[in-house]
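Asker: Let's see this in three dimensions:
(chains A and B, ligands or ions: 2)
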Amino acid sequence: MSSSQEELLQELGKKARVIRSDIIRMVAEAGSGHPGGSLSAVEIVTTLYFHVMRIRPEEPDWPDRDRFVLSKGHAAPLLYAVLAERGYFPVEELLTLRKLGSRLQGHPAFGKLPGVEASTGSLGQGLSISLGIALAGKIDRRDYRVYALLGDGENEEGQVWEAAMAAAHYGVDNLTAVLDYNGLQIDGPVAEVLSPLPLPEKWRSFGWEVREVDGHSFEELLAAFEWAKGVHGRPSMIIAKTVKGKGVSFMENAVDWHGKAPDREQAAKALAELEAVTS
Amino acid sequence: MNIATRDAYGRALVELGKEYPNLVVLDADLAKSTKTADFARFFPDRFFDMGIAEQNMMGTAAGLALAGKIPCASTFAVFATGRAFDQIRNTIAYPGLNVKIIATHAGITVGEDGASHQSIEDIALMRALPNMTVIVPADAVETGKAVAAAVAHEGPVYIRLGRPAVPVLFDENYRFRLGRAEILRRGPDAVIFATGIMVSEALKAAEALSGRGVDVTVVNVHTIKPLDVETVSGLAMKTGAVVTAEEHSIIGGLGSAVAEVLAERCPVPLVRVGIRDRFGESGKPGDLLEAFGLTASHIVEAVDRVRQRRVCGK
Ligand SMILES: Cc1ncc(C[n+]2csc(CCOP(=O)(O)OP(=O)(O)O)c2C)c(N)n1
Ligand SMILES: [Mg+2]
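Answerer: Residues are numbered from 1 along each chain as shown, chains lettered A, B, ... in the order given. Ligands and ions are numbered 1, 2, ... in the order given. Predicted coordinates:
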């Protein structure tokens, strides 16, 4: 590994730890929200915004920017933390999450907050939105790329497969989806509630190029996004194996932490754990 | 005492499950929130978690009804009526199938989740469908009785329930009559037609008004469709001043239903208390009700305003 690659990995690791702490603080302050599915995708979204995507946080409407659509909109705390840490808006504003009058709505709301590319929160719709943005890029001969983040439970929505079919049909190779394969939804493990498995085979059979990675490994994520840029004539799917609640021991793989805020004591414990990794 | 209507729904389902062997329940990955999980524990063979796939859930419910079951399909109101609208329209309402769509987390009292999860148009959508019965219970007691009445009724029914605990207004002797608006309080100066959680606000408003010597009639319109047209038009003519109150858009809900009756039968001044053609937003339920003009004091203001426009009646 080159020394610059090593520096990058360290840099991303540092950002991820800050973002995890932001998420805990935000959700605890709000008294509600979704920590589990925010924590599972920290490395994915950090890698995108701090290395992969071509963006100008100071010019959020730049027409040639790469786009990120958070299809699993309930992971809004993650998106907001990344956007703030990347400079789209002041970090202090993160603590207004879910409060009356805040730009940080419970689920991403287009047009309220710089950097939010689409209104999401009703699951299963983000891939269609991403496909539309990707098609427009083709028409306009712009070379931006579109990234969409989906939940594994979200794969149960029929619209996901309508979008999958259409994206392959139109060969949008400027579209890359990432699937946060944390194995859990609200009522339990995805395999038990209503199995969308096996995922790689399904996406392949729908005409997508598929790559499976460890969703907490920056090395694997970086390589996969590089791979995706090289895919021609088809959309690409990165299935990222993750741990729901990653980084906070009592939230890891715990279905109850999907949509529940930690109380003061739990938040302090979570932050102490995250702090311990940092030092 | 405050109890959430969804909690009452969960308990009612367990009781009805014992009474009706052909009752089946479907949910879309929200069983703990909608409280159908209670039924699932008691009757695992008659419960189907359909995953995050509301459209398929409604279609499956239709098939179950065609084969003689009484399906209750539950999820949040915004997904039940919005995501699966065409399935409800063409597959359930058109053939008049015996499906009960019992949705929770309606209105802005969903709170912090924000606009994407706050249904402000579900009454409008369901009310527009031929064959559909639409019920909005005011408290936990009425919810239990409304769910039982819906299951006993042959045909598609939509029941709208909420997330937070709300005041209990009725005791167990309360008789729920499908399609009948219930007069809770009588007074000659105006009539307030309220539905859902706004019924308790309307009662508070009436109390506040009576302190000023203004005595109003308060009516619980739990069945939005079929609307109790006789009661609505009769009280409108008697009082000459009408206020409607609902945790829903003023477009298409109770306010619209009452306006339609007044316009065709007995033009009487009307003020609609409801969400004024805008989406919801994140916040605490109580703060949102205040910000969106859905409290007793807003109803009081509406009564004052409509009485100034009164031209007929007493
Ligand atoms: C259409 C729709 N139905 C239901 C919900 C409620 N809901 C929010 S998150 C969630 C579970 C999501 O599971 P998954 O996609 O696996 O997300 P993750 O595990 O990454 O949090 C559900 C059912 C919703 N937001 N949208
Ligand atoms: Mg999941």
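Asker: For ligand 1, what's its nearest residue on chain B.
Answerer: With C-beta to the nearest ligand atom as the measure, B:D29 is the residue of chain B nearest to ligand 1, at 3.8 Å. All C-beta atoms are positioned from the backbone trio N, CA, C, and that covers glycine.
Asker: I'd assumed that residue was in a strand, is it?
Answerer: No. Counting by DSSP: H, G, I helix; E, B strand; the rest coil, B:D29 is not part of a strand but coil.
Asker: which residues sit in contact with residue 108?
Answerer: Unless you meant another one, I'm taking chain A. Going by C-beta atoms under 8 Å, 6 or more residues apart in numbering or on different chains, A:P108 touches A:70, A:73, A:76, A:79, A:116, A:118-121.
Asker: Chain B was what I was after
Answerer: Going by C-beta under 8 Å, 6+ apart, B:I108 touches B:118, B:120, B:247, B:275, B:280, B:285, B:288-289, B:292, B:294.
Asker: Turn those residues into JSON lines, including neighbour count.
Answerer: Listed next are the contacts of B:I108 as JSON lines, based on neighbours: other C-beta atoms under 10 Å in any protein chain shown:
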{"residue": "B:Q118", "neighbour count": "27"}
{"residue": "B:I120", "neighbour count": "27"}
{"residue": "B:E247", "neighbour count": "31"}
{"residue": "B:I275", "neighbour count": "24"}
{"residue": "B:G280", "neighbour count": "24"}
{"residue": "B:P285", "neighbour count": "20"}
{"residue": "B:L288", "neighbour count": "24"}
{"residue": "B:L289", "neighbour count": "21"}
{"residue": "B:F292", "neighbour count": "21"}
{"residue": "B:L294", "neighbour count": "23"}
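Asker: Which of those fall in helices?
Answerer: Mapping the contacts of B:I108 onto helices (DSSP state H) picks out B:285, B:288-289.
Asker: Show me the strands in the chain, by range?
Answerer: Let's take chain A. With strands called from DSSP state E, chain A shows them at A:67-70, A:146-151, A:175-181, A:209-214, A:236-241.
Asker: Chain B was what I was after
Answerer: B:2-4, B:23-27, B:47-49, B:70-74, B:100-103, B:133-135, B:157-160, B:165-167, B:182-185, B:190-194, B:216-220, B:223-225, B:242-249, B:270-275.
Asker: Make TSV out of those and add distance to ligand 2.
Answerer: Listed next are the strands of chain B as TSV, based on distance: least, C-beta to the ion, whole Å:
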stretch	distance to ligand 2
strand B:2-4	26
strand B:23-27	17
strand B:47-49	15
strand B:70-74	21
strand B:100-103	23
strand B:133-135	34
strand B:157-160	29
strand B:165-167	29
strand B:182-185	45
strand B:190-194	40
strand B:216-220	41
strand B:223-225	37
strand B:242-249	31
strand B:270-275	32
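Asker: In JSON lines: those, plus mean pLDDT.
Answerer: Shown next, in JSON lines, are these (pLDDT from 0 to 100):
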{"stretch": "strand B:2-4", "mean pLDDT": "98"}
{"stretch": "strand B:23-27", "mean pLDDT": "99"}
{"stretch": "strand B:47-49", "mean pLDDT": "98"}
{"stretch": "strand B:70-74", "mean pLDDT": "99"}
{"stretch": "strand B:100-103", "mean pLDDT": "99"}
{"stretch": "strand B:133-135", "mean pLDDT": "99"}
{"stretch": "strand B:157-160", "mean pLDDT": "99"}
{"stretch": "strand B:165-167", "mean pLDDT": "98"}
{"stretch": "strand B:182-185", "mean pLDDT": "98"}
{"stretch": "strand B:190-194", "mean pLDDT": "99"}
{"stretch": "strand B:216-220", "mean pLDDT": "98"}
{"stretch": "strand B:223-225", "mean pLDDT": "98"}
{"stretch": "strand B:242-249", "mean pLDDT": "98"}
{"stretch": "strand B:270-275", "mean pLDDT": "98"}
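Asker: Let's have those strands in TSV, adding distance to A:G153.
Answerer: Formatted as TSV, the strands of chain B follow (distance: least, C-beta to C-beta, whole Å):
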stretch	distance to A:G153
strand B:2-4	25
strand B:23-27	13
strand B:47-49	11
strand B:70-74	17
strand B:100-103	20
strand B:133-135	30
strand B:157-160	25
strand B:165-167	28
strand B:182-185	41
strand B:190-194	38
strand B:216-220	39
strand B:223-225	33
strand B:242-249	29
strand B:270-275	30
